[in-house]
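Peer 1: Sequence and predicted structure, then a few things I'm wondering about:
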Amino acid sequence: MFDSGIGGLSILKALRAELPFEDFVYVADSAHAPYGERADSHVIARSRLITSQLVTKYHIKTLVIACNTATAAAIHLLRQEHPQLAVIGVEPALKPALAHSQTRRIGVMATHGTLASAKFQTLIGSLADQADFICQPCDGLADAIEHQDTATIIALCALYTGAIGQFGINNGQIDTLVLGCTHYPFAHDQLARMVGPDVRLIDNGEPVARQTRRQLPSLSISHAGGRCVLISSGDCNSLQQAAQRWLGLDCPVETINI
Ligand code: DGL
C-alpha cells in the first residue's frame with residue numbers, strides 16, 4: 001500500500017484489524033508530498049514508480065492505494081499495467097454518507113486533486129439528485145497533518161468547516177461530513193469539536209478494509225503473519241512516530257530512494 005505520506009496509516013489501521021494475519025508493506029512518499037495540490041502527471045509518475053517497486057522488490061499479491069488523490073489520478077493505469085494484481089482504491093465515502101444523512105446536506109472535505117478529478121465528478125454526478133453535496137478543497141491541511149503542525153491544523157479546520165456552512169441536524173443544516181482524504185481522520189477530534197456532537201464524520205478505512213478482504217486472491221491464516229514493513233521516501237522519524245502514536249505500531253522504517 002502507499003500514500004503521499006502518513007495519511008494512509010488510517011487505512012492500514014483498518015486493514016490490520018480486518019486482516020490480522022496478512023503482512024503489509026506501507027510506502028509513505030513524503031519526499032514528494034503533498035499529492036493533492038500537484039499536477040496529475042506528478043501523482044501518476046510517483047504511483048507508477050512505487051507500484052513497480054512494491055511488485056518487483058516486495059512481491060505483493062494485492063495493492064491498496066491508500067490515497068484518494070492517487071486513486072483518482074492513477075488507479076485505471078495501475079490496473080492496466082499490473083493485470084495480475086488486485087488493486088483496491090480509496091474514494092470519498094459519499095454513499096455511506098447518503099445512507100446516514102437525514103437532512104440530505106453533506107459536506108465533503110478532500111484535496112483539490114480529488115475534487116477536480118473526472119472519477120470524483122462522475123461519482124458525485126451519479127448521486128447529485130439524492131442530496132446536496134458541499135465540496136471543499138482543503139489546500140494545506142494534509143501537509144499540516146503530515147508535519148503535525150497543530151496550530152495550522154486547527155486554523156485550517158476552522159477555515160474549511162466555516163466555508164462549508166452550518167452544521168447540525170435541523171432542516172437545511174449539514175449533518176454529515178465526509179473526510180475524503182486519508183490524512184483527515186488524524187484531525188478527527190479537532191473537526192468533531194468544530195462541527196458539534198450531532199454531526200457524523202465519515203471516512204472509508206473500514207469499507208476499504210472489507211473490500212480488500214473480498215478481493216484478496218488468498219487469505220493468510222498463518223499466525224506467523226501480521227508483520228508490517230514501513231518505508232518512507234522522506235522523513236523516516238515522522239512515519240515511525242505517527243505509526244507508534246496512531247496505531248501503537250513499533251517498527252523500524254526503511255528508506256526508499258526512487
Ligand atoms: N492522503 C492523500 C489523499 O487521500 C493525499 C494528501 C496529499 O498528499 O495531498 O488524498
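Peer 2: Alright, I've got the coordinates.
Peer 1: Single out the residue in this structure that lies closest to the ligand.
Peer 2: Gly36 (2.8 Å; CB to the nearest ligand atom). The way it works is simple: take the backbone N, C-alpha and C, and place the C-beta from them, glycine included.
Peer 1: Is the nearest residue to Ala242 once chain neighbours are set aside part of a helix or strand, or is it coil?
Peer 2: In this structure, Ala242 finds its nearest non-sequential neighbour in Ile6, 4.3 Å apart by CB to CB, 6 or more residues apart in numbering. Under the three-state scheme (DSSP: H, G, I helix; E, B strand; the rest coil), Ile6 adopts coil.
Peer 1: Let me know the distance separating Ile6 from Gln148.
Peer 2: Note on Ile6: its distance to Gln148, by CB to CB, to the nearest Å, is 9 Å.
Peer 1: Give me the common contacts of these two.
Peer 2: 238, 242 (CB atoms under 8 Å, 6 or more residues apart in numbering).
Peer 1: pretty sure Gly7 contacts Ile65?
Peer 2: No: taking contacts as CB atoms under 8 Å, Gly7 lies outside contact range of Ile65: 11.8 Å.
Peer 1: show me what contacts Gln190?
Peer 2: 153-154, 157.
Peer 1: and if we set it to 10 Å?
Peer 2: Contact analysis of Gln190 by CB atoms under 10 Å, 6 or more residues apart in numbering lists 145, 150, 153-154, 156-158, 161, 184.
Peer 1: Give me the pLDDT for the residue nearest to Glu146 when sequence neighbours are not counted.
Peer 2: The shortest distance from Glu146 to any non-neighbouring residue, by CB to CB, 6+ apart, is to Gly5 (4.5 Å). Among the per-residue scores, Gly5 holds a pLDDT of 97.
Peer 1: repeat for Ala224
Peer 2: So Ala224 comes in at 70 (pLDDT).
Peer 1: burial count for it?
Peer 2: 8 (other CB atoms under 10 Å).
Peer 1: Check the one 5 residues further on too.
Peer 2: Counted with other CB under 10 Å, the burial measure for Val229 works out to 14 neighbours.
Peer 1: just Asn257 next, same as before
Peer 2: 5.
Peer 1: ditto for Arg214
Peer 2: If we define neighbours as other CB under 10 Å, then Arg214 has 8 of them.
Peer 1: next one: Gly226
Peer 2: 14.
Peer 1: which SS class is it?
Peer 2: coil.
Peer 1: Phe24 is in contact with that one, correct?
Peer 2: Yes: using CB atoms under 10 Å, Gly226 is in contact with Phe24, at 8.5 Å.
Peer 1: Now list whatever residues contact both of the two.
Peer 2: Counting by CB under 10 Å, 6+ apart, the residues touching both Gly226 and Phe24 are Arg16.
Peer 1: Find the nearest non-adjacent residue to Asn170, please.
Peer 2: Thr103 (7.3 Å).
Peer 1: how close does the one you found sit to Thr150?
Peer 2: Thr103 is 31 Å from Thr150, by CB to CB.
Peer 1: The two: who's more crowded?
Peer 2: More crowded of Thr103 and Thr150, by other CB under 10 Å: Thr103, with 17 against 12.
Peer 1: and that one, backbone torsions?
Peer 2: phi -80, psi -10 (degrees, to the nearest 10).
Peer 1: Hmm, it is touching Gly168, no?
Peer 2: Yes: using CB under 10 Å, Thr103 is in contact with Gly168, at 8.1 Å.
Peer 1: on that earlier part again, got a list of what the residue nearest to Asn170 touches?
Peer 2: 131-132, 167-176.
Peer 1: Weed out the non-buried ones from those residues.
Peer 2: Buried residues within the contacts of Thr103, counting neighbours by 16 or more other CB atoms under 10 Å: 131, 167-168, 173-176.
Peer 1: Rebuild those as TSV, extending it with pLDDT.
Peer 2: Shown next, in TSV, are these (pLDDT from 0 to 100):
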residue	pLDDT
Ala131	98
Phe167	98
Gly168	98
Gln173	98
Ile174	98
Asp175	98
Thr176	98
